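[1] let me see the structure of the following:
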Amino acid sequence: MDDLVGKGAEMKVLAQFFFYAALFLVPMALPIAILLASLITFGNLGEHLELLAMKSSGISLIRIMKPLIIFTVFISGIAFVFQNNVLPKASAKLWTIVYSLKIKSPELDIPEGSFCKEIPGYNIFVRKKSKTGLLQNVMIYDYSKGFDNAMVIVSDSGRMKMSDDKKYLILTLYDGVSSQNLSTNQSRYRQNQIPFKRETFLLRDILIEFDSNFNMVDESITQNRDFSKNIPALRSFIRAATAADDSVARVIRPALAAQVYTSAFKQDKSYPVNHHLLSPSDTLPVADFELLYKNSPAIQQIQLLENAKMKSDRLASDFNFQMVPQSDRQRDIRGHRIELNRKFTLSVACLLFFFIGAPLGAIIRKGGLGLPAVLSVFLFIVYYTIDTFGWKMARQGSWAVWEGMWLSSIVLAALGLFFTYKAVNDSVVMNPDAWKEILQRLIGKREIRNYARKEVIMDFPDYPEAIRLMTSWNEESTLYVAEKQKIPFYISFWKQQFQDEQLNRLLISMNRWIEDLLNSNENLIIGKLMDYPVITPYHLAFLNRRAIRLSCSIFIPAGIIIYILYILKQKQINNDLRTTMKVNEEINKELRNLNLD
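    Next up, the predicted model:
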């Protein structure tokens, strides 16, 4: 926007800019469009039970998707042709317009009360501007001929306009003074005396060169860039640049190795002492050098270290200087290889997004723009983040180019296989109702019992037996709660058995008298039965396996999480058992009153 705002570009130029920008955004818009369309289509089919009807008729999901798969393959082919033939030309024209807008001079708008620095070589200050365009209290600093020949102009008022060809700015000033230093031979004057020229004027016109026309630069400035080439041009450049890089490397590396050997490892005969320690060969053994260094005076040790540092710095500087052209060439090769891989990743992403959106829509069974739009945006953000990460790693040379550019496609392929497999097998892994139930359990929302009196009762309950069962159950539950109320230590927790048989017996016994009392014809008893909490035990039977138990106990984060969840769940079970005992006492009281009656 900084390149567009204030430049005064024509509507024709802006229309071209937005047209080519829209073409440039197609690789980003097309995959998410296919994802959203497939999600909405199959979500609507699932929501209106049309998928269920087709599956009931013996038609598999893959067969239902087959026509759209063919259509998506066709779109992917068009996307490949677009990426290879249309997008390079659109990108070249887009960046040509962007560069032309960057170098275009802005439409001049001098602000009030501050200096305007938009005109090269001039600073203009205006105290106030009237509605008729009159500039009041104008101050101009003219340093177009250099700061040594700067001119200061102060006028009471003035006007500004552009020439007809929009190449010059005309300033008309009224009633002002101009001051300018003069370039003279300093020998004729004292050091603190500098001559200057001062003029007063009633009217002065100043002509300033300021080209505000829009001039399109030549498109040849982008013809060597990777984004403006198709596949044959990219491959041709990669072959030529790789061959040149290999040939240069074959020349530079031996020369650099010889230079390192000559300048760093060949003996230096300048040391005046301890020559008897040196080897007669042209290399310096490590052991003898260490002995030479230890037997040398402190001043010579410092000199040895300084010489070694100077040699290493010089070698590093020479290496970096010689490798600059090769590094630039390798960066260009990576850029062209990235663009070559990008020609194919768009088509593959379109196909993979369909295999994500269609099965996912069949699973969630929600149409419209609500949930499908949210899922589409989320999945596309994940894809875009991974793709950008892989692109940066490939551009920096940290990864191979194909690894970075195909990373996002590999992730999409894994998601597509997963969702397709789940949809074909009618999985509820993404069913909102299933996740809603899990969330309710996590936040502690409990299931409520809902009973009604039976209209026809075939077998009336045995009230005395129910009283006996509830009394016995309360005694056993009291002992169980007292035992489980103690929080076990972390080590003791992993030594216990995780199959709570005692709790299972209590729950089975409770369900027995509840089912019996449901045959009662007393509304008060039926209402009391709905006060019983729904107790669900904490299923940790998988921890009875020694290997799994040992792994969880050693792996501290997982073990601590399981330990804390067990304590919280056991506390909830204890509270439910206490509530059940209280309800038992109330029902026992009502049943005794019924027996007395």
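[2] list the contacts of the closest residue to Asn341 other than its chain neighbours.
    Distances taken as CB to CB, 6 or more residues apart in numbering put Met405 closest to Asn341, at 3.9 Å, once the chain neighbours are dropped. C-beta: built from backbone N, CA, C; applies to glycine. Applying CB atoms under 8 Å, 6 or more residues apart in numbering to Met405 gives the contacts 338, 341-342, 345, 390-391, 394.
[3] low-scoring stretches of the stretch 451-597 of the chain, by residue?
    Within the stretch 451-597 of the chain, the ranges that satisfy pLDDT under 70 run 539-542, 544, 553, 555-558, 595-597.
[4] let's go with 90 and repeat that
    For the stretch 451-597 of the chain, applying pLDDT under 90 flags the ranges 451-469, 480, 482-505, 507-574, 576, 584, 586-597.
[5] pLDDT-wise, which helix or strand of the chain ranks last?
    Within the chain, no helix or strand scores below helix 432-442, which has a mean of 62 by mean pLDDT, DSSP states H and E.
[6] what's the following helix or strand after the helix or strand hosting Leu52?
    Following DSSP states H and E, one finds Leu52 within helix 50-56. Note on helix 50-56: by DSSP H and E, the next helix or strand toward the C-terminus is helix 61-81.
[7] what's that following helix in contact with?
    Outside helix 61-81, the residues within contact range by CB under 8 Å, 6+ apart are 27, 30, 34, 38, 41, 51, 54-55, 343-344, 346-348, 350-351, 354, 358-359, 362, 423-424.
[8] mind giving me the ChimeraX select for the residues you listed, buried ones only?
    Here is the ChimeraX command that selects the buried residues among the contacts of helix 61-81 (16 or more other CB atoms under 10 Å):
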select :27,30,34,38,41,51,343,344,346,347,348,350,351,354,358,359,362,423
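[9] roughly how far apart are the residue positioned nearest the centre of the chain and Leu134?
    Residue closest to the mean C-alpha point of the chain, counted by CA atoms, centre = their mean, is Thr385 at 3.7 Å. To Leu134, Thr385 is 56 Å away according to CB to CB, to the nearest Å.
[10] gap between the helix or strand where Trp513 lies and the chain center?
    Taking DSSP H and E as the criterion, Trp513 maps to helix 501-517. Put simply, helix 501-517 sits 53 Å off its chain's centre (CA atoms, centre = their mean, to the nearest Å).
[11] where do the strands of this structure begin and end?
    Counting by DSSP state E, the chain has these strands, from start to end: 115-116, 122-129, 135-142, 151-162, 168-181, 196-209.
[12] tell me which strands the fourth one pairs with, and in which orientation.
    Pointing back at strand 151-162 there. Strand 151-162 sits in its sheet next to strand 135-142 (antiparallel), strand 168-181 (antiparallel), going by DSSP bridges.
[13] the biggest helix by length in the chain to helix 61-81, inter-axis angle?
    Longest helix of the chain, by residue count under DSSP state H: helix 298-364. Between helix 298-364 and helix 61-81, the angle comes out at 130 degrees (axes from the mean of the first three to the mean of the last three CA atoms, to 10 degrees).
[14] what packs against helix 298-364?
    Under the contact definition 3 or more CB pairs under 8 Å, 6 or more residues apart in numbering; DSSP states H and E, helix 298-364 sits against helix 26-47, helix 61-81, helix 231-260, helix 371-396, helix 401-424.
[15] how much does the shortest one deviate in direction from helix 231-260?
    Pointing back at helix 61-81 there. Going by the same axes, to 10 degrees, helix 61-81 makes 70 degrees with helix 231-260.
[16] next one: stretch 227-244 to chain centre, how far?
    Taking the mean of its C-alpha atoms, stretch 227-244 sits 30 Å from the chain's own mean (CA atoms, centre = their mean).
[17] run through the residues that contact the nearest residue to Ser76 once chain neighbours are set aside.
    Spatial nearest neighbour of Ser76, chain neighbours left out: Ser347 (4.1 Å); criterion: CB to CB, 6+ apart. Residues near Ser347 by CB under 8 Å, 6+ apart: 76-77, 79-80, 83.
[18] give me the buried subset of these.
    Of the members of these, the ones counted as buried by neighbours, 16+ other CB under 10 Å, are 76, 79-80, 83.
[19] state the distance from the closest residue to Leu171 other than its chain neighbours to Thr172.
    Of all residues not flanking Leu171 in the chain, Ile206 sits nearest, at 4.2 Å (CB to CB, 6+ apart). Using CB to CB, Ile206 is found at 8 Å from Thr172.
[20] please apply the same query to Asp205.
    In this view, Asp205 and Thr172 are 5 Å apart by CB to CB.
[21] before we move on, what about Val377?
    Distance, Val377 to Thr172, by CB to CB: 57 Å.
[22] what do you get for Ser408?
    For Ser408, the distance to Thr172 - CB to CB - is 61 Å.
[23] which one of these two has more residues nearby?
    Ser408 (23 against 15; other CB atoms under 10 Å).
[24] list the residues that contact the residue nearest to that one when sequence neighbours are not counted.
    Closest residue to Ser408 apart from its sequence neighbours, by CB to CB, 6+ apart: Asp387 at 3.9 Å. By CB under 8 Å, 6+ apart, the contact list for Asp387 reads 345, 407-408.
[25] how far off centre is stretch 565-582?
    44 Å.
[26] could you do stretch 404-412 as well?
    What separates the centre of stretch 404-412 from the centre of its chain is 14 Å, taken as CA atoms, centre = their mean.
[27] please apply the same query to stretch 170-186.
    For stretch 170-186, the separation from the chain centroid amounts to 57 Å (computed by CA atoms, centre = their mean).
[28] contacts for that stretch next, please.
    If you take CB under 8 Å, 6+ apart as the criterion, stretch 170-186 is touched by 138, 140, 148-163, 194-208.
[29] cutoff 7 Å now
    The contact list for stretch 170-186 (CB atoms under 7 Å, 6 or more residues apart in numbering) reads 138, 148-161, 163, 194-208.
[30] I'd guessed Gly43 sits against Lys366; true?
    Yes: using CB atoms under 7 Å, Gly43 is in contact with Lys366, at 4.9 Å.
[31] any idea how far Pro464 is from Asp516?
    From Pro464 over to Asp516 (counting by CB to CB), the distance is 11 Å.
[32] ditto for Lys582
    Lys582 sits 20 Å away from Asp516, taking CB to CB as the criterion.
[33] looking at the two, which is more packed in?
    Neighbours were counted for Lys582 and for Asp516 using other CB under 10 Å; Asp516 has more, 17 against 12.
[34] separation between that one and Lys528?
    From Asp516 across to Lys528, the span is 14 Å (CB to CB).
[35] Asn450 now?
    Going from Asn450 to Lys528 by CB to CB gives 14 Å.
[36] then Asn519?
    Per CB to CB, Asn519 is found 14 Å from Lys528.
[37] out of those two, which sits in the more crowded spot?
    Between Asn519 and Lys528, counting by other CB under 10 Å, Lys528 is the more crowded of the two (20 against 16).
[38] give the contact list for that one.
    583, 586-587, 590.
[39] hmm, back to that, in CSV, list the strands paired with strand 151-162 along with mean pLDDT and distance to Leu417.
    Below are those laid out as CSV (pLDDT from 0 to 100; distance: least, CB to CB, whole Å):
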stretch, mean pLDDT, distance to Leu417
strand 135-142, 90, 69
strand 168-181, 87, 66
